[in-house]
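In: With the sequence up front, the predicted model follows.
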Amino acid sequence: MQDGKTPVHGEHQHGGHEAESSLIGKASDPAKVTRTVTVDMNDTMRFTPASISVKEGEVIRFAVKNSGKLKHEMVIGSASELKEHAQLMAKFPDMEHAEPNQVTLLPGKTGNIVWQFGKAGKVDFACLQPGHFEAGMKGQVVVSAK
Ligand SMILES: [Cu+2]
């Protein structure tokens, strides 16, 4: 972990409620993508790869595929946000939501998340379908300094 550097989040955000995401990064414009990372989800409750390395400020397109027979999703967030969200999903299993930090996929489907990472550190992601997070369906993006 590199500290002591001022995080660069220069550009102003368009839209309202993205502020809390500044540490983990933010949704970005597909035209700014610098790299595509393919992520596979399956019924062993694992993401492949489960650990992804990126650089500060990099804009990644996650090309996510559900190879399982169950519904899965990839949600980017802080560990505490993800845990809270997983508990909510356990109470309301049919809760549907479409936020820019996630993609929910039926079996066999593919989808994308375009995300710009902020300062160096670790950002978590997980599947929040009921029981999946608890079964270990989570991973980490390691953001390194430029
Ligand atoms: Cu899942």
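Out: Good, I have the coordinates.

In: Residue 48 bridge partners, please.
Out: residue 40 (DSSP bridges).

In: show me where pLDDT drops low in the protein?
Out: 1-22 (pLDDT under 70).

In: Would you map the strands across it?
Out: Here the chain has its strands, by DSSP state E, at 26-27, 35-42, 46-48, 51-55, 59-66, 72-77, 102-105, 110-116, 121-126, 138-144.

In: Do any residues in the third one lie close to the ion?
Out: To tie it back to what came earlier, the one meant is strand 46-48. No: Strand 46-48 lies out of reach of the ion by C-beta under 5 Å from the ion, never closer than 8.7 Å. Where you see a C-beta, it was placed from the backbone N, CA and C, and this is true even at glycine.

In: In contact with residue 50: list those residues for me.
Out: Applying C-beta atoms under 8 Å, 6 or more residues apart in numbering, we find residue 50 in contact with 138, 139, 140.

In: any idea which of these has the most stuff around it?
Out: Neighbour counts for those (other C-beta atoms under 10 Å) peak at residue 138, which has 23 neighbours.
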